[in-house]
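J.: below: sequence and its predicted model.
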Amino acid sequence: MLILNHSHNDKIERSSGSPWLGGLAGLALVAGLATGGTSLASAVGIWLGLWDFRTGFALLQFVGDFGLPVAAATFLVSIVVYAVARRRAADGALRLSALALIGTIAAGLGY
């Protein structure tokens, strides 16, 4: 038997102010973590013998090409999410912008 809890969904929407704000913050988090993870994976793959130096350097070149734009975009997303959530008086404004900022930090460190 499937029971849907509508009050939980209402609480999520109320706490984030809008469903797209949470999605945007989540997208920034995933993009930043993917960028930082790719940079880390380039060295780990070489150490573990999963690929050679050329592949590792190709991954680093990819991060070098796209790391800064991803970090800048995730930073802008965190500012927009915070501003819109604060304007709508949402409960989770700081939490949502913190998720996007984690993506910014990960992308910046990977770059």
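T.: Cool, got the structure.
J.: just give me the longest helix of this protein.
T.: helix 53-87 (DSSP state H).
J.: ok, now which ones touch the residue nearest to the spatial centre of the chain?
T.: Nearest residue to the geometric centre of the chain (C-alpha atoms, centre = their mean): L29, 1.0 Å. L29 makes contact with 74, 99-100, 102-103 under the criterion C-beta atoms under 8 Å, 6 or more residues apart in numbering. (C-beta placed from N, C-alpha, C; glycine too.)
J.: lowest average confidence, helix or strand, in this structure?
T.: Across the helices and strands of the chain, mean confidence by mean pLDDT, DSSP states H and E is lowest for helix 6-16: a mean of 47.
J.: which other helices and strands does the longest helix of the chain contact?
T.: helix 19-47, helix 93-110 (3 or more C-beta pairs under 8 Å, 6 or more residues apart in numbering; DSSP states H and E).
J.: wait, which of the ones you listed is closest to F62?
T.: With C-beta to C-beta as the measure, helix 19-47 is the member of the helices and strands packed on helix 53-87 nearest F62 (6.6 Å).
J.: buried set for that closest one?
T.: If you call a residue buried by 16 or more other C-beta atoms under 10 Å, then helix 19-47 has these buried ones: 21-22, 24-25, 27-29, 31-39, 41-42, 46.
J.: kindly report the same for stretch 65-72.
T.: Counting neighbours by 16+ other C-beta under 10 Å, stretch 65-72 gives 66-67, 70-71 as buried.
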